[in-house]
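> Predicted model follows, preceded by the sequence.
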Amino acid sequence: MKQNLLQAPVAVPTYDRSKLVTRIVHLGFGAFHRAHQAVYADILATEHGSDWGYCEVNLIGGEQLIKDLKAQDMLYSVSEMAAEGWSSRVIGVARRALYAESDGINTVLEAMAQPEIAIVSITITEKGYCYQPATGTLITEHPLIQHDIANPAAPKSAAGTIVQALRLRRDRGLKAFTVMSCDNMPENGHVTRNVILGLARIQDADLADWIAANVSFPSTMVDRIVPAVTPETLEKITQLLGGIQDPAGVACEPFRQWVIEDNFVNGRPEWEKAGAELVNDVLPFEEMKLRMLNGSHSFLAYLGYLAGYQHINDCMQDDNYVIAARHLMLNEQAPTLRTQGVDLAAYADSLLHRYRNTALKHRTWQIAMDGTQKLPQRMLDSVRYHLAHNSNFDCLALGIAAWIRYVGSVDEQGQPIDVSDPLLEQLKALVNGSPQGTERVKALLSLETVFGKELPQNPRFVSAVTDAYLNLLKNGARESVAQLVKGF
Ligand code: NAI
Ligand code: CS2
């Protein structure tokens, strides 16, 4: 069973896995990391003799995946899905796998404190940072952070784990490591620095100074659509592997992109050889991707879900949704960007092409989750731009209104919506405490951690979202999008 994947009729590691050195600890062995960063490392090992290996860690959630990986000698497969056909490769760069609760947080901390560790990378979803999306700063009253303030040596949060690992390294006279976020947040390196230094400063000011002087937090722009794995995906993977089951397998689109700020304190793999771009300033790339891709994704997710479209490619069957998404990208997101030298019209068309991939089956429900963590960078920064420039933001207003309709948790057929969000309790209280209509909009916009202080006071913003919301209630999502498109 153990080495079965090596008998699969697909590309298998041709490099000597025993020669890999575990130099990266990755926190967040979820779908995305398996299909993105690990693939780059696998290409480097296969084609360029790289010896960079991973220790894969899950801190909260994902215990079974770690067990599955261990059970198959740290091997798993990544399948690229296109309408024309699928192809798989077996990834061999994972050398160790740990789950904090079952292996013990000390084992995780010791793994991070090994002298060879040069990088700790992270994909723990936006909510894993315990930060305020509106300001990018640590939520000190977050229960996980409160726990870690009281128990620094036995942390539970990702920030607390990194701070404690760095403390061990400092105390042992070891070099620090680079902390690299690969989550979809603007200036994800700055957010990571804010939360880690914010927590360290509360725990130990000297340690905070040491971290500030010795650790770098490069920002990254990451892109590859990797839908959550379903039983159907696993069945398809089994077929591709010639009947071999791979419960740790994952499937994704063929496209991948990675732009990395070249700022590493302790060395790095030569990712550029596997197609990554190493740059001085990632911000223009991040903004472009977060606003054009993720912004249109969220727009399609809320309006698509409400219209009964289960997947992004189902939205692409509705011409009005396609026109609206393209208009959002080019007329409401592109003007807000600092990106230079990129053909944004071509970029928008390439995104729509990717969304049309019928093999992907990317659920609107999945993208709709955690909206409180996503709206600021995907929609609200652009709204601020339009308010300052007195320009039009009808698509963004409808997208925000659709989020308010969605978190109301009853769909257009009167059926419950399974809303998943770290602020669910607050959302429920706001929804239950406000009558449907104008008051509901006002209540949701009062969520300061999402909207900040000024937006909810801006009459142009409030009335644009309220009008869009009332129209959604009256006419439904499909008709609202159709009307929006008529106005272009
Ligand atoms: P996933 O649900 O498969 O994995 C989530 C990972 O986050 C798991 O490893 C889990 O252990 C960890 N996690 C969740 N909550 C945590 C917490 N509070 N503290 C510590 N760890 C926590 O999700 P997936 O697809 O891997 O996406 C993860 C993130 O990667 C996304 O939120 C996004 O920021 C980024 N990303 C995802 C893409 C995708 O298409 N799936 C593409 C680009 C970026
Ligand atoms: C999506 C992203 O789940 C979501 O919110 O918008 O995960 C998206 O698939 C990726 O960012 C694509 O790179």
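Okay, I see it. Ligands and ions are numbered 1, 2, ... in the order given.
> what's the straight distance from one end of stretch 323-340 to the other?
End-to-end distance for stretch 323-340: 25 Å, by CA to CA, to the nearest Å.
> which residues are contacting the helix or strand harbouring V25?
In this structure, V25 is located in strand 21-27 according to DSSP states H and E. Contacts made with strand 21-27 from outside it, assessed by CB atoms under 8 Å, 6 or more residues apart in numbering, are listed as 33, 37-38, 41, 51-59, 95-96, 111-112, 114, 116-124, 158, 161-162, 177, 267. Backbone N, C-alpha and C define where each C-beta goes, glycine included.
> If we use 6 Å, what do you get?
Residues from elsewhere that reach strand 21-27, judged by CB atoms under 6 Å, 6 or more residues apart in numbering: 33, 51-57, 95-96, 111-112, 116-122, 124, 158.
> which of those come close to ligand 1?
Of the entries in these, those that also sit close to ligand 1 under the rule CB under 6 Å from any ligand atom are 33, 124, 158.
> Just send the residues you listed back as CSV, with distance to S409, secondary structure and pLDDT too.
As requested, the ones next to ligand 1 among the contacts of strand 21-27 are arranged in CSV below (distance: CB to CB, whole Å; DSSP: H, G, I helix; E, B strand; the rest coil; pLDDT from 0 to 100):
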residue, distance to S409, secondary structure, pLDDT
H33, 31, helix, 98
I124, 26, coil, 98
A158, 29, helix, 98
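> would you turn the residues you listed into JSON lines with neighbour count?
Shown next, in JSON lines, are those (neighbours: other CB atoms under 10 Å):
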{"residue": "H33", "neighbour count": "23"}
{"residue": "I124", "neighbour count": "24"}
{"residue": "A158", "neighbour count": "26"}
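> If we only consider those residues, which is nearest to ligand 1?
The nearest member of the ones next to ligand 1 among the contacts of strand 21-27 to ligand 1, counting by CB to the nearest ligand atom, is I124 at 3.5 Å.
> looking at it, the closest one is touching F29, isn't it?
No - the pair I124 and F29 does not pass the contact test of CB atoms under 6 Å, sitting 10.1 Å apart.
> first to last residue in stretch 119-129, what's the distance?
OK, stretch 119-129 end separation, CA to CA: 18 Å.
> in its sheet, what does the strand holding V25 sit against?
In the sheet containing strand 21-27, the strands it pairs with under DSSP bridges are strand 52-58 (parallel), strand 119-122 (parallel).
> What are the phi and psi values at V342?
In this entry, V342 is assigned phi and psi values of phi -110, psi 130 (degrees, to the nearest 10).
> Excluding chain neighbours, what is closest to it?
Closest residue to V342 in three dimensions, ignoring its sequence neighbours and counting by CB to CB, 6 or more residues apart in numbering: M288, at 6.6 Å.
> Equivalent analysis for H36, please.
Excluding the flanking residues, the one nearest H36 by CB to CB, 6+ apart is R224, at 4.9 Å.
> Please enumerate the strands of this protein.
According to DSSP state E, the chain carries its strands in the segments 21-27, 52-58, 76-82, 85-91, 94-99, 119-122, 131-132, 137-138, 178-181, 220-223, 250-252, 257-261, 277-279.
> so what pLDDT did the closest residue to P186 other than its chain neighbours get?
Spatial nearest neighbour of P186, chain neighbours left out: Q377 (4.5 Å); criterion: CB to CB, 6+ apart. What the model reports for Q377 is a pLDDT of 96.
> and the protein, which of its residues are near ligand 1?
For the chain, the contact set with ligand 1 under CB under 6 Å from any ligand atom comprises 28-33, 58-62, 123-128, 158, 183-184, 222, 224-226.
> of these, list those near ligand 2.
With respect to ligand 2, and counting by CB under 6 Å from any ligand atom, the subset of the residues of the chain next to ligand 1 in contact is 184, 224-225.
> And the closest residue in space to R193 that isn't next to it in sequence, how close does it get to V179?
With CB to CB, 6+ apart as the criterion, R193 has its nearest non-adjacent residue at 4.1 Å, and that residue is F217. When CB to CB, to the nearest Å is the yardstick, F217 and V179 sit 5 Å from each other.
> next one: S121
The separation that S121 has from V179, given CB to CB, amounts to 8 Å.
> residue ranges with poor pLDDT in this protein?
Screening the chain residue by residue with the criterion pLDDT under 70, one finds the ranges 1-3.
> which residue does the stretch 351-488 of the chain bring closest to ligand 2?
Of all residues in the stretch 351-488 of the chain, I367 sits closest to ligand 2, with a separation of 4.2 Å (CB to the nearest ligand atom).
> Enumerate every residue touching the closest residue to that residue other than its chain neighbours.
Sequence neighbours aside, A301 is the residue nearest to I367 in space, at 3.7 Å (criterion: CB to CB, 6+ apart). For A301, the residues meeting the contact criterion (CB under 6 Å, 6+ apart) are 364, 367-368.
> Can you give me the neighbour number for the closest residue to ligand 1 within the chain?
Of all residues in the chain, G30 sits closest to ligand 1, at 2.0 Å by CB to the nearest ligand atom. Using other CB atoms under 10 Å, the number of residues around G30 comes to 19.
> Could you report the separation of it from E126?
13 Å.
> swap in V259?
With the distance defined as CB to CB, V259 ends up 19 Å from E126.
> mind listing what the residue nearest to H36 touches?
Neighbouring residues of R224 by CB under 6 Å, 6+ apart: 35-36, 252, 256.
> how about a cut-off of 8 Å?
By CB under 8 Å, 6+ apart, the contact list for R224 reads 32, 35-36, 252-253, 255-257.
> Verify the stated contact: the residue nearest to P186 with Y131.
No - here Q377 does not reach Y131: they are 11.7 Å apart, not a contact under CB atoms under 8 Å.
> sorry, back to before: compare S121 and V179 (neighbour count), which wins?
Between S121 and V179, V179 has the larger neighbour count (other CB under 10 Å), namely 25 against 20.
> hey, what's that one bridged with?
Going by DSSP bridges, V179 is paired in beta bridges with V120.
> What spatial separation is found between it and Y40?
Distance, V179 to Y40, using CB to CB: 18 Å.
> for S50, same thing?
With distances taken as CB to CB, S50 is found 10 Å from Y40.
> cool, and A11?
Using CB to CB, one obtains 15 Å as the distance from A11 to Y40.
> Between these two, tell me which one has more neighbours.
Remark: of A11 and Y40, Y40 carries more neighbours, 22 against 15, as counted by other CB under 10 Å.
> Correct me if wrong: that one contacts K273.
No - applying CB under 8 Å as the test, Y40 and K273 come out as separate, 9.2 Å apart.
> Quick check: of the contacts of A301, which has the highest neighbour count?
Each of the contacts of A301 was scored for neighbours by other CB under 10 Å, and A368 scores highest at 26 neighbours.
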